[in-house]
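In: got a predicted structure here, sequence first:
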Amino acid sequence: TASTDAPPKAGPLEVEGEGPLVVREKTHDAEPMALDQALYEMELVGHDFYLFVDADSKQPSVVYRRKGYGVIHLNV
């Protein structure tokens, strides 16, 4: 799957408030896949989480590593 950086925004950056500042934004092509494939892809890229579209439910989901593995299914 491909992932691309969003084009840079034009103009000066104005920061308001005390919250965290987003410094990078990416667009990720999400192909439907099985849970085991999503776990494989997460390990392949070396991240602690991986966002994917579940092939069975057709819903966005996230697998993550935290004292083992977990999965979050989003209802949209």
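Out: All right, it came through fine.

In: please, where are all the strands along this structure?
Out: 3-5, 26-28, 32-33, 49-54, 60-65, 69-73 (DSSP state E).

In: which other helices and strands does the third one contact?
Out: By that I understand strand 32-33. Applying 3 or more Cβ pairs under 8 Å, 6 or more residues apart in numbering; DSSP states H and E, one finds that strand 32-33 contacts strand 49-54. To be clear about C-beta, it is placed using only N, CA and C from the backbone, and glycine gets the same treatment.

In: buried set for stretch 34-51?
Out: Neighbour counts over stretch 34-51 (16 or more other Cβ atoms under 10 Å) mark 35, 38-39, 41-42, 50-51 as buried.

In: what about the residues you listed, which are in helices?
Out: 35, 38-39, 41-42 (DSSP state H).

In: give me the most central residue, this protein.
Out: By Cα atoms, centre = their mean, the chain has its centre lying nearest to L51, at 3.8 Å.

In: circling back: just the ones in helices among the buried residues of stretch 34-51 now: which is nearest D29?
Out: Nearest to D29 among those is E41, at 12.1 Å by Cβ to Cβ.

In: okay but the closest one is in contact with V53, surely?
Out: No. In this structure, E41 is not within contact of V53 by Cβ atoms under 8 Å, at 11.9 Å.

In: phi, psi for G17 please.
Out: Dihedral pair for G17: phi 80, psi -170, per degrees, to the nearest 10.

In: enumerate every residue touching it.
Out: By Cβ atoms under 8 Å, 6 or more residues apart in numbering, G17 lies in contact with nothing.
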